[in-house]
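Engineer: following is a predicted model, sequence given first.
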Amino acid sequence: MASIKYYISRAVKSDNERTEIQLRFCGNRNFVKRALTGIFVTASNWDSEKGMPKDKRSTKFSDECVEIKERLECLSKYLLNCWNEADSESISDNALNQWISDIIWEKEEDSAFVNGKKKQVFVWRIESKAYREEVAIRQKKEMRKIENWYFLDCFKYFAQEQFENGKICKRRFDHYNSVYGLWDRMERFNGKRLKLKEIETEDMYSFRRFILNEHDLWENNNGKMVPMPKYRYVYDGYSTVLSRGVPERSLNYVNTEMKYLIAFWHWLLKKKECRLNDVFASYQRDTTVFGTPYFLNSNDRNLLFNADLSERPALAIQRDIFVFQSLIGCRVSDLLRLKKSNIVDGEFLQYVAGKTKDKSGKTLNVPLHKDAKVILERYSDLAGDKLLPFISSQKYNEAIKEIFKAVPEVDRIVTVLNPLTRQEEQRYLHEVASSHMARRNFCGNLYEAGFADSDIGSMSGHSEKSREIARYRKVSVDRQVKMIDTL
């Protein structure tokens, strides 16, 4: 069995003299070799009996004894592995020196538990230069392979990988599928499938134009919107699009879809290191414009919560969920995945926001409002771990509009920004309300109460200096009246 012993030169006389550690490698009786390790130690820190540094963390001579020992143990494993993979009968006399000269030392950060606590530590690893060159050649071939992929095939692979690795939530994955469909229909319309290496900035502008003008491929047929006969081939296999139709789209919608393409392209450039042009470097994104956010104040929310919907029990359930969301402030994607296990001691809701879990991973802690506790008690006998009787986000949004129709006391007129014309319009809440309004109810009322952005964000999951939460800095009419009264 092969063995390795370490030693330092007997010529070293002074305790403070640094010397290179040497090794004696014994593979079999025909292969006994000596070599220099490239690792140095001070003589007084060397234990000649054990053939290892002394059990010290560091000394006055600045030797990190533990680290040196780890490097020697790592070197032993590497050399013994080289021996096991070699043909001992035909091995060359210079093999040991070749193995050592082929070494690349790397110091990597890793996680370890020290005294029961997780701590970041540094560990030494050895990699073969020859192996690294092989990997580089292989990666180069893989890069060429990826660059030759069709755009859509690679985008589909990207979306699937991100979802399976937990990088994106189901809602974001669905958005990526929507982008896939748009690009696919654009390629059908243009009559050409594009490869990654063929993509230019102009193709992104073509995609932008297609998103804005896709509705022009449709016509009114006896009151129903259908694709024009010459464009029906564009929608083969898109049954959902055919059933819903294609509406006129806004520049805000374009920006959202382009955001997902930018994420994909940067993944190609950074993660896959593809030799592609950064097609977004010169792409001029449109400005995203939002109107003044509207939300229910606490009184209107209470009116909604106490409204009698006994004749429409299914709607009453969704009303309860809407009010609950207004009291915890989460995104709808997080709302739909909440479990009973997210409730701690009956007093707090704890969860990690799906949108920011890969950036901060911070657990949000939201104390439960008394009405939120009442809602949870109403559905405490719900089977399984599901927190509330959720439905799909689309049906939930439809139900919210019906709720405002059913409770006219709170169905007021609000000023909104038309995303198509970017002009202000007056609309009833039952026309524009959605699940995101519940999040605005939470943030808007807390801001009106005088709480700081960072305090609100600690429960809503908004990042610091979030542009979204900054939009809630709306001065209320009551506050404006008080200001005028002081004149």
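Structural biologist: Cool, got the structure.
Engineer: mind listing what's buried in stretch 171-185?
Structural biologist: When neighbours are counted by 16 or more other C-beta atoms under 10 Å, the buried residues of stretch 171-185 are found to be 171-173, 175-176, 179-185. For the C-beta atoms, the positions are set from N, CA and C on the backbone; glycine is no exception.
Engineer: return the closest of those residues with respect to Val135.
Structural biologist: Using C-beta to C-beta, the shortest approach to Val135 within the buried residues of stretch 171-185 belongs to Tyr176, at 29.5 Å.
Engineer: so which strand or helix has the closest one?
Structural biologist: Tyr176 is part of helix 170-190 when elements are defined by DSSP states H and E.
Engineer: related to what we said a few turns ago, least confident of the buried residues of stretch 171-185?
Structural biologist: For the buried residues of stretch 171-185, the least confidently modelled position is Arg171, at 80, judged by pLDDT.
Engineer: that residue contacts Ser333, doesn't it?
Structural biologist: Yes - at 4.1 Å, Arg171 counts as touching Ser333 under the criterion of C-beta atoms under 8 Å.
Engineer: could you measure Arg285 against Glu398, distance?
Structural biologist: Arg285 sits at a distance of 31 Å from Glu398 (criterion: C-beta to C-beta, to the nearest Å).
Engineer: repeat for Ile262
Structural biologist: Taken as C-beta to C-beta, the span from Ile262 to Glu398 is 31 Å.
Engineer: which residues of the stretch 201-350 of the chain fall in helices?
Structural biologist: Ranges of helices within the stretch 201-350 of the chain are 201-213, 239-244, 251-270, 298-306, 313-328, 332-335, based on DSSP state H, counting those that start in this stretch.
Engineer: just send these back as CSV, with mean pLDDT too.
Structural biologist: What follows is these, written out as CSV (pLDDT from 0 to 100):
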stretch, mean pLDDT
helix 201-213, 97
helix 239-244, 92
helix 251-270, 93
helix 298-306, 95
helix 313-328, 96
helix 332-335, 91
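Engineer: between the ones you listed, which one is nearest to Lys167?
Structural biologist: helix 251-270 (9.6 Å).
Engineer: that closest one to helix 201-213, inter-axis angle?
Structural biologist: Between helix 251-270 and helix 201-213, the angle formed by their directions is 150 degrees, by axes from the mean of the first three to the mean of the last three C-alpha atoms, to 10 degrees.
Engineer: from Pro247, how far off is Tyr205?
Structural biologist: Where Pro247 is concerned, Tyr205 sits at a distance of 22 Å (C-beta to C-beta).
Engineer: in stretch 307-320, what's buried?
Structural biologist: Taking 16+ other C-beta under 10 Å as the criterion, stretch 307-320 shows 307, 309, 315-320 as buried.
Engineer: same check, this time on stretch 333-347
Structural biologist: Along stretch 333-347, these residues count as buried under the neighbour rule (16+ other C-beta under 10 Å): 333-338, 342-343.
Engineer: hang on, Leu327 packs against Pro367?
Structural biologist: No - distance between Leu327 and Pro367: 9.9 Å, which falls outside the contact criterion (C-beta under 8 Å).
Engineer: out of these two, which sits in the busier spot?
Structural biologist: The neighbour comparison of Leu327 against Pro367 (other C-beta atoms under 10 Å) goes to Leu327, with 23 against 11.
Engineer: where's Asp216 relative to Cys154, distance?
Structural biologist: 29 Å.
Engineer: these two - which one has more neighbours?
Structural biologist: Neighbour tally, Asp216 and Cys154, criterion other C-beta under 10 Å: the higher count belongs to Cys154, 20 against 11.
Engineer: may I ask which helix or strand encompasses that one?
Structural biologist: helix 151-164.
Engineer: which residues does that helix contact?
Structural biologist: The contact list for helix 151-164 (C-beta atoms under 8 Å, 6 or more residues apart in numbering) reads 146, 149, 167-168, 170, 172-173, 176-177, 179-180, 183-184, 187, 193-196, 199, 264, 267-268.
Engineer: with stretch 369-380 instead?
Structural biologist: In this structure, residues lying in contact with stretch 369-380 by C-beta under 8 Å, 6+ apart are 302, 305, 320-321, 323-324, 327-328, 343, 346, 349, 368, 387-389.
Engineer: buried ones in the host helix or strand of Leu376, by neighbour count?
Structural biologist: Under the criterion DSSP H and E, the helix or strand holding Leu376 is helix 370-378. Residues of helix 370-378 classed as buried by neighbour count (16+ other C-beta under 10 Å): 371-372, 375-376.
Engineer: kindly report the same for stretch 288-297.
Structural biologist: Of the residues in stretch 288-297, those buried by neighbour count under the rule 16+ other C-beta under 10 Å are 291, 293-296.
Engineer: show the end-to-end separation of it, please.
Structural biologist: According to C-alpha to C-alpha, to the nearest Å, stretch 288-297 extends 27 Å from its N-terminal end residue to its C-terminal end residue.
Engineer: isn't Ile104 right up against Glu133?
Structural biologist: No - the pair formed by Ile104 and Glu133 falls short of the contact definition of C-beta under 8 Å, at 10.5 Å.
Engineer: overlap in contacts of these two?
Structural biologist: Counting by C-beta under 8 Å, 6+ apart, Ile104 and Glu133 have no common neighbour.
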